[in-house]
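[1] need coordinates for the below:
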Amino acid sequence: MQVIPFINLALAFIPVFVVMGIFYKWSMNFSNTIYAVSRMLVQLLLIGYFLVYIFESDSALIVLMVLAVMVFTSSWIALRTIKIQRTLLYKKALYAITFGGGITLLLISQGVLKLDPWYMPRYLIPLAGMIFANAMNSVSLAADRIEAEMEKDVPYEQARIIALRASLIPITNSLFAVGLVSLPGMMTGQILSGISPLIAVRYQIMVMCMVFGSAGISSALFLLLLSPQKNHSAIED
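    Numbering: from 1, shown residues only. Predicted coordinates:
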């Protein structure tokens, strides 16, 4: 693949600055956007060097530690927009993302790809990142929506359905658009690296199934863990 010089990479930030300018012009809180972009930049640069070490270490313990960090962090970030204290729902989010994402990762890595050894970091960590990130986003949307519905005194069973449907809108739209509107990241990367599109398609089908499954299972489990009594008491607190 073509190596992108840093000076060329800087051009990719032009649309980002345009969005920040819009936020500023419309008197919106753009400081959070600056923080998010800056954090993304630092995190990716650091993880680039860190992954080189992980891939060369060939250690199951290190891989498990990385997966643990992913799960605990994603569970915390998922509740970022919730008005109540995160600690009230953190354990539920952690259970949901761990189970929904973990069972999907196990199926994909050991059933579909049959990784040998099972902890192959070059495969397992990127797959885990996609799975837990989508589970995180889904749980976040579900938590935000069910909180809004419960504040409007919508019955829990109905609010749960609304929240689950809302949490899956982004990934469902991706299922409709893939191949027609967009060529997703993994497929594009493989094609750019010289892999046959027919092989890249198989991997992308696997990816779409795993992100949809992990997102749906995690958000559904999170909503199930919110019993009516616990949900009302959490919101009232």
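
[2] for the helix or strand that contains residue 137, packing partners?
    Secondary structure from DSSP states H and E places residue 137 in helix 121-151. Using 3 or more Cβ pairs under 8 Å, 6 or more residues apart in numbering; DSSP states H and E, the elements in contact with helix 121-151 are helix 31-57, helix 60-77, helix 90-106, helix 156-167, helix 169-177, helix 197-225, helix 228-236. (Each C-beta comes from the backbone N, C-alpha and C, glycine too.)

[3] run the chain-centre distance for that helix.
    Mean-position distance between helix 121-151 and its chain equals 5 Å (Cα atoms, centre = their mean, to the nearest Å).

[4] do stretch 28-43 as well
    A distance of 17 Å separates the C-alpha centroid of stretch 28-43 from that of its chain, computed with Cα atoms, centre = their mean.

[5] what pLDDT, on average, does that stretch get?
    Averaged across stretch 28-43, the pLDDT comes to 86.

[6] buried set for it?
    Neighbour counts over stretch 28-43 (16 or more other Cβ atoms under 10 Å) mark 30, 33 as buried.

[7] what residues does it touch?
    If you take Cβ atoms under 8 Å, 6 or more residues apart in numbering as the criterion, stretch 28-43 is touched by 13, 16, 19, 20, 22, 23, 24.

[8] out of those, who's nearest residue 170?
    Using Cβ to Cβ, residue 19 is the member of the contacts of stretch 28-43 that lies nearest residue 170, at 18.4 Å.

[9] and that closest one, what does it touch?
    Contact analysis of residue 19 by Cβ under 8 Å, 6+ apart lists residue 33.

[10] tell me which element it is part of?
    According to DSSP H and E, residue 19 maps onto helix 14-25.

[11] just the buried members of the contacts of stretch 28-43?
    For the contacts of stretch 28-43, burial is judged from neighbour counts taken by 16+ other Cβ under 10 Å, and it is met by 20, 23.
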